[in-house]
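In: this one's sequence-less:
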């Protein structure tokens, strides 16, 4: 193959430039449809971080984790407790986010250690229990010492702030007026890009290969000298710390957390993003996260007007029909694209019958 | 051959419930030797492999490898000490490419961790380049470099066996333990395998070979250990073993009284 060495990188740079411009103006385009859409885009980025974190555990290392949302909860509560009037502590976000990641990382190891010998269904059950335990703890840790404020949650959480520059207030900078969500958008974008880059680098590293080896055949991986205990714990720890970062941001953007936000359904949704997008393939997981965040919102805003138009009244309320259509969409994707919407090249090959084996 | 043996086993025993898979098995393998391990089905060959490589814990006896005891080590620690193995029913990383399989074999001799992977310092990049280079060389060595980017499971059967050997060699072993590498190969492929084994020995790696293909064993092995019902029944050069009445009885079905006498 002869490749004109110079032109391809130039084309690539033009592509990168166009994407950068699109990402830069996106919050203003979305704002035309309402500030709510900027918030939804921000949520999509939080979910991208979560899904990429879970992808390390499920997609790379092949460990089915149904309690992943627990790490998100840990990150969110670490932020809430260290930057709210609840304890009267107000630390800056760039200190709390790493602390949140570190605490979530410790919880990841805590979950990983007892489950090292479990695989598949058994691991799923234990992790599911772990997720629930964390949520129930958060719900009940208001007595005898009030740590989490129980089901009422923690209120009045500090937004991201650098000096007097607050990310939650609308402000006009250099003649352009930025809303709070629009400001957050750029912070989230930077963090999301950082996490995407870290994921790509982890995948194409000695460690990423070790994860994939464990996914493929744990006995063989051990026999090849991979310390499966440490490598699995690292997968849990890395996945958990991404969850912790995402949780911290969630806390700051919402300025309110309660145990309700961290139920089993959230774990399932994040897992669905990973599986539907294409397990183990980073672009696929990102696509899954974006679609599964946007789809319910699009349905929410279209289902009622649609019914008004067709039947002149709302027969099924938007919330119900949203879940129905969502469910149908998931089933359809799994039926017609079992490897996910954008599977990794490898997984795609795996599911296609190679020509030689077609007869058997 | 001078010097202490590379591996010596003394009184190895392994029980599964009431079944004595291995009892009182002792032998030693010299450096740069091709050492055969044969016996009828169920004789305990693979059990011995699994005890040696740390997949099973022995119920008795001990191994000394490279002048160090090898007791109670986990499989990954055994690999780190310099014993690499292949499996009777091929256990490649099926959905990874051939080159990635070999690169994973380099894991135990390389060091990059989380921070190396994220920040990609010059040291990590150099290590990564070295891993790729060495892995490709090993694929060439075993003769599957043309299929480097194909998924392991799409390789032909013989190539899969060779790839498994390349992956094992990637761990820089002192002892390469092969569990029936010629199983399912045709005569030409077996010939190729014989040459590969001789090359590996010539390049300084000792080989422990379980094999049912007697022609290959008799051709390539310096010495042979024969197991039957978990016990050592003979050890010696290929021709000595071949003419041993106990071995003939074990393979061709001896008199019942003979087995009872041996027990």
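Out: That came through fine. Predicted, not measured: the structure shown is a model, and the values here were computed from it.
In: Identify the residue spatially nearest to the residue of the stretch 51-200 of chain B found nearest chain A, adjacent ones excluded.
Out: Using Cβ to the nearest Cβ, the closest approach of the stretch 51-200 of chain B to chain A is made by residue B:108 at 2.9 Å. C-betas here are computed from N, CA, C, even on glycine. Leaving aside its sequence neighbours, residue B:108 sits nearest to residue A:225 (Cβ to Cβ, 6 or more residues apart in numbering or on different chains; 2.9 Å).
In: Give me the distance between the closest residue in space to residue B:201 that isn't next to it in sequence and chain A.
Out: In this structure, residue B:201 finds its nearest non-sequential neighbour in residue B:34, 5.5 Å apart by Cβ to Cβ, 6+ apart. Per Cβ to the nearest Cβ, to the nearest Å, residue B:34 is found 21 Å from chain A.
In: so when I look at the residue nearest to residue B:108, I'm seeing a strand, right?
Out: No. Residue A:225 is assigned coil when assessed by DSSP: H, G, I helix; E, B strand; the rest coil, not a strand.
In: That one is in contact with residue B:82, isn't it?
Out: No. When contacts are counted by Cβ atoms under 8 Å, residue A:225 is not listed as touching residue B:82 (9.8 Å).
In: Correct me if wrong, but residue A:156 is in a helix.
Out: No. Secondary structure of residue A:156 (three-state DSSP): coil, not part of a helix.
In: which ones are touching it?
Out: A:84, A:85, A:255, A:256 (Cβ atoms under 8 Å, 6 or more residues apart in numbering or on different chains).
In: and the third one, what is it in contact with?
Out: So the one you mean is residue A:255. When contacts are counted by Cβ under 8 Å, 6+ apart, residue A:255 touches A:155, A:156, A:157, A:158, A:159, A:168.
In: So the residue of the stretch 51-200 of chain B closest to chain A, which state does it fall into?
Out: Under three-state DSSP, residue B:108 comes out as helix.
In: Retrieve the pLDDT associated with it.
Out: pLDDT, residue B:108: 93.
In: Just give me the neighbour total for it.
Out: The burial count assigned to residue B:108 is 22, neighbours taken as other Cβ atoms under 10 Å in any protein chain shown.
In: Equivalent analysis for residue B:187, please.
Out: Residue B:187 has 10 nearby residues by other Cβ under 10 Å.
In: still on that earlier bit, among the contacts of residue A:156, which are in strands?
Out: Within these, residues falling in strands by DSSP state E are residue A:84.
In: ranking the contacts of residue A:156 by neighbours, who comes first?
Out: Most surrounded of those: other Cβ under 10 Å gives residue A:84, at 21 neighbours.
In: picking up where we left off before, more neighbours: residue A:225 and residue B:82, which one.
Out: residue A:225 (27 against 21).
In: Against residue B:94, how distant is the more buried one?
Out: 19 Å (Cβ to Cβ, to the nearest Å).
In: Next: residue A:131.
Out: Distance from residue A:131 to residue B:94, by Cβ to Cβ: 31 Å.
In: now swap in residue B:75 and tell me
Out: From residue B:75 over to residue B:94 (counting by Cβ to Cβ), the distance is 19 Å.
In: and these two? which has more neighbours close in?
Out: residue B:75 (24 against 17).
In: Go ahead and confirm that one touches residue A:221.
Out: No. Assessed by Cβ under 8 Å, residue B:75 is found out of contact with residue A:221, at 9.1 Å.
In: what sits against the residue in the stretch 151-300 of chain A that chain B sits nearest to?
Out: Going by Cβ to the nearest Cβ, chain B is nearest to residue A:225 of the stretch 151-300 of chain A, at 2.9 Å. Listed by Cβ under 8 Å, 6+ apart, the contact partners of residue A:225 are B:76, B:79, B:80, B:84, B:105, B:107, B:108, B:171.
In: rewinding a little: is it true that the residue of the stretch 51-200 of chain B closest to chain A touches residue B:173?
Out: No. Taking contacts as Cβ under 8 Å, residue B:108 lies outside contact range of residue B:173: 9.8 Å.
In: Need the residues touching each of the two.
Out: Common contacts of residue B:108 and residue B:173 (Cβ under 8 Å, 6+ apart): residue B:79.
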